[in-house]
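1. Make a model of this:
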Amino acid sequence: MDLWVAIAGFGVGIVVGLTGMGGGALMTPLLVLVFGVAPLSAVSSDLVASAIMKPFGGAVHMRRGTVDKRLVLWLCAGSIPAAFGGVFIAKAVDAEGMSQVIQSLLGGALLLAASGLVLKAWFGLRDQARAAADPSLREVVEGTLKPVSVRIIPTVLVGAVGGLVVGVTSVGSGSLIVIALMALYPALRPQQLVGTDLVQAVPLVGAAALAHLLFGDFQLALTVALVIGAVPGVLLGAAVSSRAPGGLIRAALTVVLTASGLKLLGADTVVVGYATGALVLLIPAVWVLARRHHGLPLRTAQIPAARAPEVPAEQVHAA
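-> Residues are numbered from 1 along each chain as shown. Got it, this is the predicted structure:
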């Protein structure tokens, strides 16, 4: 077993648990470019490792109540059969050419999604400033998780497209679905977005992994090293994301979306590293400047939870 592969798996597991995405977009290029693994072996082993890793992160979010089970059901209705189909399509046509086209399109979509997160955060700060000036505008308490109205047909189609892409490239079980969920359900909280995406990815990646076990180039030693590192990583990341403030998760999503998008578009690993480091340094500074621009304090005041009225001890004894 390669210790460095396990360490890489731990790092990617943290990213997946924290953001619900980035597993295939980060791990597959790492295996190919850094560890010299053959592309088909990297795809097959990465998918099998993800099928083992993601249930751990999904279980954390299930316990925290940050999963919309109806969305998971309808996404899986489209993604599971499409994941099998993607593997067979890759065998029947020029898989390498199709993979390059899909990865380029997905890379562009990830960069657009990162830009959308930045704009959403900006408008969110504007709304907070308005609510601070006029308390009657405060309709939703930060942290309140509400169910959304499910749009069945678009959700099934999103699952089908995501499953097809995963079957061909191993990329997209998190990235593509996160983008689509953000567009279809803007009312989803970041915790719900991550939790729902992690849980729906379990059967999706499982279906694609089974197909690659049968028709791919699965390597046991490589997969074991990935799993040993990724499982504790995804548990740690999921535990943080299920409790972390929405702004922290949005910042992490922005970094992972940008890094994954650049890598899928063919950027050099060094360029991706510099871009990621720059974002990590710039995001806190930009956040401070944006809050000052909108006249907001740097720390958001916590709204105390409602408490039940205290019952006098005499009444308790009388009852």
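
2. Packing partners of the strand or helix carrying A290?
-> Under the criterion of DSSP states H and E, A290 resides in helix 269-293. Applying 3 or more C-beta pairs under 8 Å, 6 or more residues apart in numbering; DSSP states H and E, one finds that helix 269-293 contacts helix 95-133, helix 246-264. Using the backbone N, CA and C atoms, a C-beta is placed for each residue, glycine as well.

3. what stretches of the stretch 151-300 of the chain score poorly on pLDDT?
-> Across the stretch 151-300 of the chain, the ranges flagged by pLDDT under 70 are 169-175, 216-217, 246, 298-300.

4. Contacts only, for the spatially closest residue to R64 that is not a sequence neighbour.
-> In space, and not counting its chain neighbours, R64 is closest to S242: 4.0 Å by C-beta to C-beta, 6 or more residues apart in numbering. When contacts are counted by C-beta atoms under 8 Å, 6 or more residues apart in numbering, S242 is found next to V60, H61, R64, T66, Q191, V194, G195.

5. what does the helix holding A290 rub up against?
-> So helix 269-293 is contacted by 29, 33-34, 121-122, 125, 247, 251, 254-255, 258-259, 262-263, 267, 297-298 (C-beta under 8 Å, 6+ apart).

6. Would you mind listing the buried residues in that helix?
-> V272, A275, T276, L279, I283, A290, R291 (16 or more other C-beta atoms under 10 Å).

7. can you pull out the strands in the chain?
-> In the chain, no segments count as strands under DSSP state E.

8. and the closest residue to D68 other than its chain neighbours, how many neighbours?
-> Residue nearest to D68 in three dimensions, not counting chain neighbours: T196, with 4.8 Å by C-beta to C-beta, 6+ apart. Residues near T196, counting by other C-beta atoms under 10 Å, number 27.

9. now the helices for this structure?
-> Secondary structure of the chain (DSSP state H): helices at 3-19, 23-29, 39-64, 69-92, 95-133, 152-169, 175-184, 190-215, 220-243, 246-264, 269-293, 313-318.

10. which of these sits most buried?
-> Mean neighbours per residue, mean count of other C-beta atoms under 10 Å, is largest over the helices of the chain for helix 23-29, with a mean of 27.

11. average pLDDT across that helix?
-> Average pLDDT, helix 23-29: 71.

12. Use 56 as the first number from now on
-> Yep, numbering from 56; the last one is helix 78-84 now.

13. what residues are up against A322?
-> By C-beta under 8 Å, 6+ apart, A322 lies in contact with A330.

14. what about 7 Å?
-> Going by C-beta atoms under 7 Å, 6 or more residues apart in numbering, A322 touches no other residue.

15. Tell me, how many residues neighbour D323?
-> D323 has 11 nearby residues by other C-beta under 10 Å.

16. meant to ask about R244
-> 18.

17. ok, back up a step: taking their axis directions, the helix holding A345 and helix 301-319 sit at what angle?
-> Put simply, helix 324-348 runs at 150 degrees to helix 301-319, going by axes from the mean of the first three to the mean of the last three C-alpha atoms, to 10 degrees.

18. Now render the buried residues of helix 324-348 as JSON lines, adding distance to V286.
-> Output for those, formatted as JSON lines (distance: C-beta to C-beta, whole Å):
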{"residue": "V327", "distance to V286": "25"}
{"residue": "A330", "distance to V286": "29"}
{"residue": "T331", "distance to V286": "24"}
{"residue": "L334", "distance to V286": "27"}
{"residue": "I338", "distance to V286": "28"}
{"residue": "A345", "distance to V286": "37"}
{"residue": "R346", "distance to V286": "37"}
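
19. Fine, thanks again, bye for now.
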